[in-house]
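Undergrad: Generate a structure from the sequence data that follows.
(4 chains)
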Protein chains: 2
Amino acid sequence: MSRRTREIVLNAADELGYRPNNIARSLISNKTYTIGLMVPDIADPFFSGIAAGVEDALSNEDYQVVYGNTSRDSTKEKKFIESVFARKMDGVILTPDKLEEDFVTLLKKLNVPFVLLRRRTPDGLDFPFVDVDHYGGAQQAVKHLINQGHKKIGFMGMSKESFTSNERLRGYLDVMREYNLEVTESQISIAGRTIDSGRVAMGRLYKSNPDLTAVFASNDLIGIGVLEWLEINKIEVPRQMAVIGFDDLEISNLHWIQLTTMSQPRKQMGELSAELLLSLINEEEKDSIILDAKLKKRKTC
Amino acid sequence: MSRRTREIVLNAADELGYRPNNIARSLISNKTYTIGLMVPDIADPFFSGIAAGVEDALSNEDYQVVYGNTSRDSTKEKKFIESVFARKMDGVILTPDKLEEDFVTLLKKLNVPFVLLRRRTPDGLDFPFVDVDHYGGAQQAVKHLINQGHKKIGFMGMSKESFTSNERLRGYLDVMREYNLEVTESQISIAGRTIDSGRVAMGRLYKSNPDLTAVFASNDLIGIGVLEWLEINKIEVPRQMAVIGFDDLEISNLHWIQLTTMSQPRKQMGELSAELLLSLINEEEKDSIILDAKLKKRKTC
DNA sequence: CTGAAAGCGCTTACAG
DNA sequence: CTGAAAGCGCTTACAG
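TA: Numbers count the residues shown, from 1 in each chain, chains lettered A, B, ... in the order given. Model prediction:
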C-alpha cells in the first residue's frame, strides 16, 4: 500500500468514526488504563477532595478512575476488591474503614498493585501508604493551646476504634504529660463524626469540667459542634473557651465559624497516592508517604 | 465429567483464585457493565451528592462508574466522551457546562446511550434528561417572599450564560409581574458561583437599592455571601432583610446560617438519571424527568 | 517493509 | 448432554 493510499484509508476510517476498541487492546496488552478508587462516601468533602486529586493526577496519564462507594461496609469493600481483580484494573487506591483480618487476607491474594490511603499498611503486606502524621499534628495543636496559656484542655475523639482518632489522642496525651498538665478521665470524651455529636459531647464535657479553658476536637465537624454549643450557651470564643479542630474543611473557613485547625492536604493526598500507584505499576519501588498537618490559625484560639 | 468431578474442579479453581476475566467476556458480549459519569468538579458538594446517588443505583445492578472531572473545560468534556466510546462503556451520564455546537455534534455521532443531567436535551437529539424545574422553583421562592409582605425584592444570578440562573431569573420576573411589583434594572445583579461573589454583589445591590427588603439568591452559596454581608453590616435577618436561596446545601443548615432555600434533591437526581440510563440500555423508551424543587423553610425568611 | 497467522480469555453455536 | 471449533477486535511475532 502506498503511503498516499494508506493516508486516505486512515482518514476515511477516522471520518467514519473508527476508534480502536480498547477492550480488545486490553485483552492482549494486559493493561486497562483503569484505576480503582475506594471511598467510604463520595459525598463527604474529605473524600471528594481526595477523589479530585486522584482524578487530576491520573487523567493526565490517560488513566480512568473507577470509583466505588463502600459506605464503610466491609461487604461492599470486599465486593469492590473482587471487581478490581475481575475487571483487570491496573491498580487500586484503598481507603478501608478498618483493616480487619479477612480484608488483609483478601489483599494478600489480590494480584493487583495498590496503595493505602489514610491507613497504614499492616504487617505481612509490603505495599506503600499515604497518610498524614496525625500524632505529630495533634502534638502541634495541643502545644499551640498550651503556648496561649491553657492548662485545662479537653479532648474529643471520633470513636474508640478509629486509628486516626487514637493517634490524635496519643499526641494530646503525650504533650499534656510533657508539660506536666493533668488529664482526668472525664476530660477525654468520645463524640462521633458529626456536628451534632460534637455539640452533644460538649454539653457533657463542660458539665463535668466547668474549669476547662480549651478543647482539642479530633476533627472539624466535632469542633463546629463544640462552637455551636458554646454559641447557644453564650460562652465566648476564644476568650472563655478556645477550640482547635483537625482537617480544615471548607466550612471551617466560613465567616461565622473561623475555626483554627490542623490542615490536612486532601487534594495533595489524592495526587500523591495516584503518583505512588503509577510508580508501582511501572515497577518502581517507592516508599510510603507521611504528610504533615499544618496549623491553620483562624479565630477560635 | 461426573457431577462430582465437576464440583471438585470448580472448587479447586476457586481456591486458586480463579475469577473469569471480564475483559474477555466484554469483548464477546459487547457489555462492559461500566457507566461513565461526567462531573465539572467532584469536590463540589452539589456534584458529589449526585455522584453518590448514581453510584448507589448502579452498584446495585453490578455496574461500575467511571468518573471524569471536566473542570468545566470543553476540551476535557470531549476527551471524556471519546474515552466513553473507546472503552465501550454501556452508557454515560453527562453534565456539560454549556451545550455548544461541537459538543452536540459529538453527541450525535456517539453511539452510546446517554442521559443529560441538569441540562435539557437540545434539538436534534432524542435522549432524555433529568433536571429540576428551576423556573417553577423560582416562582415558589418569590411567592413565598411576597406572601410575607415583601414588595421590593432583589435578584442575584450566577452568570448571564447560565441556563439554570436564567430560568430562575425568568421565574422571578414572571411572578413580580404577576403581582404588579416593579423591577428596576439595578434590582437584578449578577454575583457568581461563590460565597465571596455573593457578599460583594450584596454590597453593590444594597447601595443602589437601600429600600430593598428581600433578596432571592439564585443559589445557596450566593445566599450565604449575602448573609455574610448583612451580618458584617449589622442588618438583621429576616427583620430588616429577608433572604432565600436555591439548592439546599448541607452548610445552609448550619446553626449560624439557617438559610431558607429551594431544595434540589441531589441524591435522587443521581439515582433517577442512573435508572433512566439503565432503561435506555435495556432499550426501554423513557421520558425525561423534571423534578420539583421544594421550599425548605428555615430562619432567613 | 508488507501481509497473513496466531493468540489474548472468554462465550456461543454446532457437531457428535 | 459433552466437547471441540469459531470468533469477539485487536497486537505481536514471524514468514515472505
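
Undergrad: Going by proximity to chain B, name the top residue of the stretch 51-200 of chain A.
TA: Closest to chain B within the stretch 51-200 of chain A is residue A:52: 4.3 Å, counting by C-beta to the nearest C-beta. Bear in mind the C-beta positions are built from the backbone N, C-alpha and C, glycine included.

Undergrad: and the closest residue to that residue other than its chain neighbours, how many residues sit next to it?
TA: Sequence neighbours aside, residue B:43 is the residue nearest to residue A:52 in space, at 4.3 Å (criterion: C-beta to C-beta, 6 or more residues apart in numbering or on different chains). Look at residue B:43: counted by other C-beta atoms under 10 Å in any protein chain shown, it has 21 neighbours.

Undergrad: What backbone torsions are found at residue B:43?
TA: When read as degrees, to the nearest 10, the backbone of residue B:43 gives phi -80, psi -10.

Undergrad: got the contact list for residue A:47?
TA: By C-beta atoms under 8 Å, 6 or more residues apart in numbering or on different chains, the contact list for residue A:47 reads A:39, A:40, A:41, A:95.

Undergrad: what's the most distant pair in these?
TA: The two members of those with the most space between them (C-beta to C-beta) are A:41 and A:95, at 10.1 Å.

Undergrad: okay, those two: which has more neighbours?
TA: Neighbour tally, residue A:41 and residue A:95, criterion other C-beta under 10 Å: the higher count belongs to residue A:95, 22 against 16.

Undergrad: OK, contacts around the residue nearest to the more buried one when sequence neighbours are not counted?
TA: Setting aside the residues directly before and after it, residue A:95 is nearest to residue A:117 in space (C-beta to C-beta, 6+ apart), at 4.8 Å. Shown in contact with residue A:117 (C-beta under 8 Å, 6+ apart): A:50, A:93, A:94, A:95, A:129, A:130, A:131, A:269, A:270, A:273.

Undergrad: Please spell out the PyMOL selection for the buried subset of those residues.
TA: Typed into PyMOL, the line below selects the buried ones among the contacts of residue A:117, using 16 or more other C-beta atoms under 10 Å in any protein chain shown:
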select buried, chain A and resi 50+93+94+95+129+130+131+269+270+273
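
Undergrad: Give me the lowest-pLDDT entry from the contacts of residue A:117.
TA: Confidence by pLDDT is poorest for residue A:95 among those, given 93.

Undergrad: Helix or strand: which one has residue A:169?
TA: Secondary structure from DSSP states H and E places residue A:169 in helix A:163-178.

Undergrad: any idea of the mean pLDDT in that helix?
TA: Averaged across helix A:163-178, the pLDDT comes to 97.

Undergrad: just stretch A:105-125 next, same as before
TA: In this model, stretch A:105-125 carries a mean pLDDT of 92.

Undergrad: so where's chain A uncertain?
TA: A:1-6 (pLDDT under 70).

Undergrad: ranges for the helices of it?
TA: Along chain A, the stretches classed as helices by DSSP state H are A:3-15, A:22-29, A:45-59, A:74-86, A:101-109, A:134-147, A:163-178, A:195-208, A:220-232, A:266-281.

Undergrad: From the structure, what's the count of residues near residue A:27?
TA: Neighbours of residue A:27 under the rule other C-beta under 10 Å: 16.

Undergrad: these two touch, right, the residue nearest to residue A:52 and residue A:50?
TA: No: assessed by C-beta atoms under 8 Å, residue B:43 is found out of contact with residue A:50, at 9.1 Å.

Undergrad: Now do the shared contacts for the two.
TA: Contacts common to residue B:43 and residue A:50, judged by C-beta under 8 Å, 6+ apart, are residue A:267.

Undergrad: Just list the residues touching residue A:221, thanks.
TA: A:193, A:194, A:195, A:197, A:198, A:247, A:249.

Undergrad: and with 7 Å instead?
TA: A:193, A:194, A:195, A:198 (C-beta atoms under 7 Å, 6 or more residues apart in numbering or on different chains).

Undergrad: could you measure the residue nearest to the second one when sequence neighbours are not counted against residue B:86, distance?
TA: Spelled out, it's residue A:194. Counting by C-beta to C-beta, 6+ apart, residue A:221 is the residue found nearest to residue A:194 once chain neighbours are left out, at 5.8 Å. Applying C-beta to C-beta, to the nearest Å, the value for residue A:221 to residue B:86 is 41 Å.

Undergrad: circling back to that earlier point, mind checking how far the residue nearest to residue A:194 is from residue B:230?
TA: Distance from residue A:221 to residue B:230, by C-beta to C-beta: 26 Å.

Undergrad: Okay, and the beta partners of the residue nearest to residue A:95?
TA: Residue A:117 has these beta-bridge partners by DSSP bridges: residue A:130.

Undergrad: So it versus residue A:270, what's the distance?
TA: Distance, residue A:117 to residue A:270, using C-beta to C-beta: 8 Å.

Undergrad: where do the contact lists of these two overlap?
TA: residue A:50.

Undergrad: What's the separation between residue A:166 and residue A:224?
TA: From residue A:166 across to residue A:224, the span is 22 Å (C-beta to C-beta).

Undergrad: out of these two, which sits in the busier spot?
TA: Taking neighbours as other C-beta under 10 Å, residue A:166 and residue A:224 compare with residue A:224 leading, 28 against 17.

Undergrad: show me what contacts the residue found closest to that one once you drop the neighbours it is linked to in the chain?
TA: Spatial nearest neighbour of residue A:224, excluding adjacent residues (C-beta to C-beta, 6+ apart): residue A:195 at 5.1 Å. Taking C-beta under 7 Å, 6+ apart as the criterion, residue A:195 is in contact with A:221, A:224, A:225, A:228.
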